[in-house]
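K.L.:
Next one to model:
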Amino acid sequence: MMIKEVEEKVLIALDEIRPFLEKDGGDISLESISDNKIVNVKLHGACVDCKVNQMTLKLGVETIIKKHVPHIEEVNSV
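P.N.:
I've put the predicted structure just below:
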């Protein structure tokens, strides 16, 4: 899969999770994709100081991104 296609699918995944984050006063943006398999995102708003943001990142964001792009190995917050 080409990097542009991966980026488009990751953005679709982020759009899928965004309403849940916005409901709690947060948001998320794509920062970069490394080696076509590691996604780096930035959390915004209430997500920055949330005590469960790493759980949300791994169980929510990473799961949805991997649903759209199965070869993604990891999602990190930067």
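K.L.:
give me the low-pLDDT residue ranges for this protein?
P.N.:
The model of the chain has no residue with pLDDT under 70.
K.L.:
Residue nearest the middle of it, spatially speaking?
P.N.:
Among the residues of the chain, the one closest to the centroid is V61, at 4.6 Å (C-alpha atoms, centre = their mean).
K.L.:
Surely that one and S29 touch.
P.N.:
No: counting by C-beta atoms under 8 Å, V61 stays clear of S29, with 11.4 Å between them. C-beta: built from backbone N, CA, C; applies to glycine.
K.L.:
Identify the residues contacting the residue nearest to the centre of the chain.
P.N.:
Contact analysis of V61 by C-beta atoms under 8 Å, 6 or more residues apart in numbering lists A13, L14, I17, I28, V41, V75.
K.L.:
redo that, cut-off 7 Å
P.N.:
I17, I28, V41, V75 (C-beta atoms under 7 Å, 6 or more residues apart in numbering).
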